[in-house]
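In: next input, structure requested:
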Amino acid sequence: MKVLGSLLAATTALTVPSLAMAKDITVDTKLMNYGGEDAYLAYYLTDASGKYVRTLHIASGKSRWWDHLTGWYSATAGNANEIAGLTGASVGSGSSLKFTVDVEDALIDAGYQIRVDAAVEHMPNSPAEIVVPLTSDNAGKTVAGRGYIASFTFDM
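Out: Coordinates of the predicted model:
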């Protein structure tokens, strides 16, 4: 029984600090009524110079269209290992997408950015549709996209 108690204490001590080192970021995106097919969206983090760090979410069930998410795709080559468990359905014209993802505390207020690429079949691609610094000050602020996205916010 003492061994079980010691093991439980040790694993708890190792687990709790790692939970404290990440924040839940809730992302909310509303698309314009652009009148086309459903949009594919790639949400990802970059450093201040725009260098890819990691994928947050892909809104596209079909990998054959990922190359149209040009900023994200050029950084990852569409590597499925980059997005394991991070995919969902594409988003229709005028619809919304909301999801929550863990982001390491060390990336917040440290020069990193959230980027969103957008693509719609038979319409122009929109790389870097959204680029917003991942800062506490930007949390809750609405940002307009450059093409398909009417509004984008993230909250912590």
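In: which residues touch stretch 50-67?
Out: 25, 27, 39-47, 69, 72-73, 75-76, 78, 80, 82-83, 86-91, 97, 99, 101, 103, 107, 112-115, 119, 121 (Cβ atoms under 8 Å, 6 or more residues apart in numbering). Glycine gets a C-beta too; all of them are placed from N, C-alpha and C.
In: out of those residues, list just those in strands.
Out: 25, 27, 39-46, 87-88, 97, 99, 101, 103, 113-115, 119 (DSSP state E).
In: now the buried members of the contacts of stretch 50-67.
Out: Buried by 16 or more other Cβ atoms under 10 Å: 25, 27, 39-46, 69, 72-73, 75-76, 78, 82-83, 86-87, 90-91, 97, 101, 103, 107, 112-115, 119, out of those.
In: can you tell me how far residue 46 is from residue 116?
Out: For residue 46, the distance to residue 116 equals 11 Å [Cβ to Cβ, to the nearest Å].
In: read off the pLDDT value for the closest residue to residue 38 other than its chain neighbours.
Out: Once flanking residues are discounted, residue 38 sits nearest to residue 90: 3.8 Å by Cβ to Cβ, 6 or more residues apart in numbering. For residue 90, the pLDDT comes out at 95.
In: what sits against residue 90?
Out: 38-41, 59-62.
In: who's in contact with residue 142?
Out: Counted by Cβ under 8 Å, 6+ apart, residue 142 has contacts 151-153.
In: let's go with 7 Å and repeat that
Out: Residue 142 is in contact with 151, 153, counting by Cβ atoms under 7 Å, 6 or more residues apart in numbering.
In: any idea how far residue 94 is from it?
Out: 17 Å.
In: what does residue 145 give?
Out: From residue 145 to residue 94 the distance is 13 Å (Cβ to Cβ).
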